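[1] kindly return the folded structure for what I paste below:
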Amino acid sequence: DAALSRLADATQAIKALAIQQKDTAQPNPDPKAVSDAKKFEKKAKKEAEKLLKAQKAIKDELEDLMKRRFFVVPSFEIYGGVAGLYDFGPPGSALKDQFLNFWKRHFVIYEDMLELTSVCVTPHKVLETSGHVAKFADYMVKDVKEGNCFRADKLLENHIEKLIESGKVSKERRAELLTIAANADAFSAKELHGKLLELGIKAPGTGNDLTEPFPFNLMFGTQIGPTGANPGFLRPETAQSIFVNFKRLLDYNRDRMPFAAAQIGLAFRNEISPRAGLLRVREFLQAEIEHFVDPKDKSHQRFKDIKEVKAYLLPRENQVGESKCLYITFGEAVEKKIIDNETLAYFLARTQIFLHSCGIVPKKLRFRQHLSNEMAHYACDCWDAEIFLRGYRWVEVAGHADRSAYDLNVHSKATNTNLQARALLDKPKVVQVVEANPVMKVLGKAFKKDAKLVKTYLSGLEEGKVLDLEKELAGGSAQIKIEEKEFKLLPEHVEIKKFERKEHTYSFTPSVIEPSFGVGRIIYSILDHAISQVGSGKEKRTILKLPAIIAPIKAGIFTVTTKDGLSSIATRVRQMLVEEGIAVQNDISTTSIGRKYAKADEVGIPFGIAVDADSKTDNCVTIRDRDSWKQIRVKIDSVPEIIRNLCRNKLKFEELVKKFGEFKA
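    Numbering: from 1, shown residues only. You can find the predicted model right below:
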């Protein structure tokens, strides 16, 4: 970014000198100034091209490594693959499992959350109520001749990125373009069309004209059952199953508020043109949290633990031009109302701590506030955790939305189910109560097997609806509809009661603070930040510096030679480690020890355990740290405890070097 900014400055200086040359009212610019400006532009362009080339090279190396070592590959690869669908191989699956285990420890266990597992197929009515049927869409454009489809906002963003990287735009124009790119997914169809025309954007690959943008719903439709009478969708998010189970979750939690529920599960989005590997897929794993809280009190009991933590924040008013972040504490951000409330800020901080622990570089992580016209239909405030990635720039990996009480309200209204919680009042108060009490003797005779359905409906009516029912019954009868069935109520079927009651609690529909994590995107980000290369030419090595806490294989066990019975010692060490639940790779091949270390480094194994000839006599092995290449020598019996503590972040390798001394073969 700094190099491209310098290139924009150089381009602008040359344009200014050219204007001065053409302006007869001004003296001609100093030839030396023109020469210096051209040299500066050439130098800036060379620097930018070098950095972009290096960035692309490491990105290509990562994507090659992911395929070559079977972390992630296209699904149905031998059939040519399907865009947006990917399979995780053995190291990728293990990395995902380690990541999710750590996520559960960091969030679910630490925060005493209730975990839920629900189905992927969702009835049409549920997603119609939530607003997804009407609003869950992206804007699409088509090649007018070939019919190829493209996501309009991504076409705009990619075109702007190439313009900036070309170095042919001035500093002012660069700022304008960056602002347009930052707002691309918030534009209306009309605004998007205007920008595509303004920048002369054509269909990639053909150069043909594009249609005007139009909405495309991203949900996969399906039929539940053979008749076609019960349409549904593959869920676009896991959240809705938590909302529809709120009443049971609250009961399980013994009516205590606030509380949080969490779910890890698959979600499906029929992306228009997925072309960015794991960053834009059609089937993906989500890890979502729904934290239910009193809308009048969004404080958090552990906010004090994180209020001094600093973060890079990009509030909506800063999202113009270069988009400068604020680097402030979460406490200050809440105090200045940059972040709306303590609970939202608390989860932003916990997310930052989690991502840093997963190996995300602190300066490459920021939280960006959604623009007011960008927020989802349910949100009243929203911040995305964004990670800077080679070749992709800033990518959203986790959303943090204050969904207000939207979801519980709409599901309550659609099903006539009370989805409220209660809290203690500071002082008791007397209230007027209106209830609809079913007269079961009459109701049973009138509605027979449907009597229970009608009773549940009447018992769950809110005060306003009870009063409306009373007015209808005053006219002789009332029509009600329950689950597509219609019933005629008579005055003798229900007794309307009005009385005073002293209450010590009050009812409220909880607001929801939702952190939602895209697992695939975060895993790709971890790999992007972990990969590095050392040496050059034939000596060049790729090292994947995955933190030990999420590394798919925690330790490699290597014999210096295949002779002298060392393999039996290696097998013993392996047995001790796997019995502790520690994943290891036992390599007793004839490859040299240096080559074994290099292979292990490439797949992110953090520790190497070497068995040598001396191990037979001193009952010791050497433990090597992948990142520092330092080694210690310890007793075999102590290896499981050392590796376990290293992998749970309870011990640093530097501490072991101080304790045992650095071992040099």
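[2] tell me where the stretch 351-500 of the chain has strands.
    Along the stretch 351-500 of the chain, the segments classed as strands by DSSP state E, counting those that start in this stretch run 365-369, 381-389, 393-402, 421-438, 478-482, 485-489, 494-508.
[3] mean neighbour count, mean pLDDT and distance to I642 added to those, as JSON lines?
    C-beta: built from backbone N, CA, C; applies to glycine. Shown next, in JSON lines, are the strands of the stretch 351-500 of the chain (neighbours: other C-beta atoms under 10 Å; pLDDT from 0 to 100; distance: least, C-beta to C-beta, whole Å):
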{"stretch": "strand 365-369", "mean neighbour count": "23", "mean pLDDT": "97", "distance to I642": "31"}
{"stretch": "strand 381-389", "mean neighbour count": "22", "mean pLDDT": "95", "distance to I642": "32"}
{"stretch": "strand 393-402", "mean neighbour count": "21", "mean pLDDT": "94", "distance to I642": "33"}
{"stretch": "strand 421-438", "mean neighbour count": "13", "mean pLDDT": "90", "distance to I642": "47"}
{"stretch": "strand 478-482", "mean neighbour count": "14", "mean pLDDT": "90", "distance to I642": "64"}
{"stretch": "strand 485-489", "mean neighbour count": "14", "mean pLDDT": "91", "distance to I642": "67"}
{"stretch": "strand 494-508", "mean neighbour count": "13", "mean pLDDT": "91", "distance to I642": "51"}
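[4] among those, which comes closest to K145?
    Taking C-beta to C-beta, strand 393-402 is the member of those nearest to K145, at 30.9 Å.
[5] tabulate the strands of the stretch 351-500 of the chain (a markdown table), appending distance to H124.
    Supplementary listing: these in a markdown table, determined by distance: least, C-beta to C-beta, whole Å:
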| stretch | distance to H124 |
| --- | --- |
| strand 365-369 | 33 |
| strand 381-389 | 26 |
| strand 393-402 | 24 |
| strand 421-438 | 28 |
| strand 478-482 | 18 |
| strand 485-489 | 18 |
| strand 494-508 | 30 |
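[6] show me the one of those strands that comes nearest K658.
    Of all these, strand 365-369 comes closest under C-beta to C-beta, at 30.9 Å.
[7] can you say which of the strands of the stretch 351-500 of the chain is nearest to F246?
    That would be strand 421-438 among the strands of the stretch 351-500 of the chain, by C-beta to C-beta, at 8.7 Å.
[8] R282: neighbour count?
    Using other C-beta atoms under 10 Å, R282 has 19 other residues around it.
[9] the one 10 residues further on too?
    One way to gauge burial is a neighbour count; for F292, by other C-beta under 10 Å, it gives 23.
[10] how about it, phi and psi?
    Backbone torsions of F292, given as degrees, to the nearest 10, read phi -90, psi 130.
[11] any idea of the pLDDT on it?
    On pLDDT, F292 comes in at 98.
[12] can you check T329 too?
    98.
[13] what do you get for the one 4 residues further on?
    The score at A333 is 97. That number is its pLDDT.
[14] for V519, what are its contacts?
    Going by C-beta atoms under 8 Å, 6 or more residues apart in numbering, V519 touches 96, 99-100, 264, 284-287.
[15] equivalent analysis for P213, please.
    Going by C-beta under 8 Å, 6+ apart, P213 touches 139-141, 152, 189, 192-193, 196.
[16] among those, which one sits closest to Q575?
    Taking C-beta to C-beta as the measure, Q575 sits nearest to M140 out of the contacts of P213, at 56.3 Å.
[17] V512 contacts H291, doesn't it?
    Yes - V512 is within contact range of H291, at 6.8 Å (criterion: C-beta atoms under 8 Å).
[18] and which of the contacts of P213 is nearest G535?
    A152 (44.3 Å).
[19] give me the number of residues near that closest one?
    Neighbours of A152 using other C-beta under 10 Å come to 27.
[20] now the helices: where do they sit in the stretch 551-665 of the chain?
    Counting by DSSP state H, counting those that start in this stretch, the stretch 551-665 of the chain has helices at residues 566-578, 593-602, 615-618, 639-647, 653-660.
[21] please convert those helices to TSV, extending it with mean pLDDT.
    Putting the helices of the stretch 551-665 of the chain into TSV (pLDDT from 0 to 100) gives the following:
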stretch	mean pLDDT
helix 566-578	95
helix 593-602	94
helix 615-618	94
helix 639-647	97
helix 653-660	96
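[22] quick revisit: okay, and which of the contacts of V519 map to helices?
    Within those, residues falling in helices by DSSP state H are 96, 99-100.
[23] ranking the helices of the stretch 551-665 of the chain by burial, who's on top?
    helix 639-647 (a mean of 19; mean count of other C-beta atoms under 10 Å).
[24] contacts only, for Y312.
    Contact analysis of Y312 by C-beta under 8 Å, 6+ apart lists 325-327, 363, 365-367.
[25] of those, closest to Y457?
    When these are compared for distance to Y457 (C-beta to C-beta), F367 wins out at 44.3 Å.
[26] that closest one contacts C382, correct?
    No - with contacts counted by C-beta under 8 Å, F367 stays clear of C382, the gap being 10.3 Å.
[27] got the contact list for stretch 452-469?
    Contact partners of stretch 452-469, identified using C-beta under 8 Å, 6+ apart, comprise 416-418, 433-438, 440, 443, 447, 478, 480, 482-483, 485, 487, 489, 493-494, 496.
[28] only the buried residues of it, if you could.
    454-455, 457-458, 461-462, 465-466, 469 (16 or more other C-beta atoms under 10 Å).
[29] okay, who's weakest in those by pLDDT?
    Minimum pLDDT for these is recorded at E462 (84).
[30] so how far is L408 from it?
    13 Å (C-beta to C-beta, to the nearest Å).
[31] out of the contacts of P213, which sit inside helices?
    Short answer: the contacts of P213 in helices (DSSP H) are 152, 189, 192-193, 196.
[32] can you show me the CA trace of stretch 383-396 as PDB?
    Only the C-alpha atoms of stretch 383-396 are listed here, as PDB (Å, rounded to 0.1, in the frame of the first residue of the first chain):
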ATOM      1  CA  TRP A 383     -18.300  -4.800  12.800                       C
ATOM      2  CA  ASP A 384     -16.300  -7.200  10.600                       C
ATOM      3  CA  ALA A 385     -13.000  -8.700  11.600                       C
ATOM      4  CA  GLU A 386     -10.900  -8.300   8.400                       C
ATOM      5  CA  ILE A 387      -7.500  -9.800   7.700                       C
ATOM      6  CA  PHE A 388      -5.100  -8.600   5.100                       C
ATOM      7  CA  LEU A 389      -4.100 -11.400   2.700                       C
ATOM      8  CA  ARG A 390      -1.600 -11.600  -0.100                       C
ATOM      9  CA  GLY A 391      -3.400 -11.000  -3.400                       C
ATOM     10  CA  TYR A 392      -6.800 -10.400  -1.800                       C
ATOM     11  CA  ARG A 393      -6.200  -7.300   0.400                       C
ATOM     12  CA  TRP A 394      -8.700  -7.000   3.300                       C
ATOM     13  CA  VAL A 395     -11.000 -10.000   3.700                       C
ATOM     14  CA  GLU A 396     -13.900 -10.400   6.100                       C
END
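[33] where does I180 land on pLDDT?
    90.
[34] helix, strand, or coil at it?
    Following DSSP: H, G, I helix; E, B strand; the rest coil, we place I180 in the helix state.
[35] could I get the contacting residues of it?
    By C-beta under 8 Å, 6+ apart, the residues touching I180 are 156, 160, 195.
[36] now the residues you listed as a markdown table including distance to F268?
    A markdown table is the format used below for the contacts of I180 (distance: C-beta to C-beta, whole Å):
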| residue | distance to F268 |
| --- | --- |
| L156 | 26 |
| I160 | 30 |
| K195 | 30 |
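[37] of the ones in helices among the contacts of P213, grab the buried ones for ChimeraX.
    For the buried members of the ones in helices among the contacts of P213, the matching ChimeraX selection, counting by 16+ other C-beta under 10 Å, is:
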select :152,192,193,196
